[in-house]
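Participant: using only what follows, build the 3D model:
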Amino acid sequence: MKQRYLYLFLTLLTFVAGYVFLRLAYGVTDEFPFTQEIVLIVLGTIATIIITAALLNRQTELELRKEQQVKTFELKAEFYVALIDFIEGLISASKITEADRLRMKFLTHKISIIASPEVLEEYENFLEVFYKIAKDDAISKMESKTLSERLSHLCSKIRQDLLGDEGLTEEEQNELDEQILENAKMS
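Facilitator: Model prediction:
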């Protein structure tokens, strides 16, 4: 960051010094209109170069930020799918082993790196249910439904984290959450 300000300062200093020099050169060439035109051409060229450099610098920053957002999205999506696949495996197996508990702990650490605060909050709710169910190492049909419901709430928050849903009103978001819950109850 300091280097960026240093470059900005040096650019500004060079621009001011160049302007002063060219202004003096313009004043000295008062008697020769042709020379004044050359000085004006040089000034125009310098201004064009500076504007182009500033625009290219800004465009590069935006492209890097976009690329970072794409990488973050891919990382989140891959992790969330792996988490849901793992939970699917637990529910399908109808039992929870010590290895499953250990894997859930490591998934908890991983999710803390990439998830939004809303996802983390809902994940905490999911974990409360998961660990209550995991006490007896078996998952009954009723516990499976409960786990699936908590997972639907989590999926709703994951969806918001991945897709944003900024264009949705609060009412539309609530309807969407209810739809996700209803879909989970039907399956």
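Participant: what is the burial count for Arg103?
Facilitator: For Arg103, the count of nearby residues is 14 (other CB atoms under 10 Å). All C-beta atoms are positioned from the backbone trio N, CA, C, and that covers glycine.
Participant: once you drop chain neighbours, what's closest to it?
Facilitator: Closest residue to Arg103 apart from its sequence neighbours, by CB to CB, 6 or more residues apart in numbering: Phe86 at 6.6 Å.
Participant: packing partners of the helix or strand hosting the one you found?
Facilitator: According to DSSP states H and E, Phe86 maps onto helix 33-93. Counting contacts by 3 or more CB pairs under 8 Å, 6 or more residues apart in numbering; DSSP states H and E, helix 33-93 packs against helix 2-28, helix 98-114, helix 141-163.
Participant: can you say which of the ones you listed is nearest to Phe79?
Facilitator: Ranking the helices and strands packed on helix 33-93 by proximity to Phe79 (CB to CB) places helix 98-114 first, at 6.0 Å.
Participant: quick one, whichever helix or strand comes after the closest one and helix 33-93 angle?
Facilitator: Downstream of helix 98-114, the next assigned helix or strand under DSSP H and E is helix 117-134. If you take axes from the mean of the first three to the mean of the last three CA atoms, to 10 degrees, helix 117-134 sits at 10 degrees to helix 33-93.
Participant: show me how far helix 117-134 is from its chain's centre.
Facilitator: How far helix 117-134 lies from its chain's middle: 23 Å, per CA atoms, centre = their mean, to the nearest Å.
Participant: ditto for stretch 80-88
Facilitator: With CA atoms, centre = their mean, you get 21 Å for stretch 80-88.
Participant: buried sites along that stretch?
Facilitator: Tyr80, Leu83, Ile87 (16 or more other CB atoms under 10 Å).
Participant: report the residue ranges of every domain in the chain.
Facilitator: Using automatic domain parsing, the domain ranges for the chain come out as 2-64, 73-186.
Participant: would you pull up how far the first one lies from the middle of the chain?
Facilitator: Between the centre of domain 2-64 and the centre of its host chain there is 36 Å, according to CA atoms, centre = their mean.
Participant: can you put the helices and strands packed on helix 33-93 in TSV and add mean pLDDT and distance to Glu171?
Facilitator: Below are these laid out as TSV (pLDDT from 0 to 100; distance: least, CB to CB, whole Å):
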stretch	mean pLDDT	distance to Glu171
helix 2-28	75	44
helix 98-114	90	29
helix 141-163	86	15
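Participant: format those as TSV; extra columns: distance to Glu178.
Facilitator: Shown next, in TSV, are these (distance: least, CB to CB, whole Å):
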stretch	distance to Glu178
helix 2-28	48
helix 98-114	24
helix 141-163	9
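Participant: deepest of these, which one?
Facilitator: Highest mean neighbour count among the helices and strands packed on helix 33-93 (mean count of other CB atoms under 10 Å): helix 141-163, with a mean of 18.
Participant: correct me if wrong: Leu154 contacts Leu120.
Facilitator: No. Applying CB atoms under 8 Å as the test, Leu154 and Leu120 come out as separate, 10.3 Å apart.
Participant: many thanks, I have nothing further to ask.
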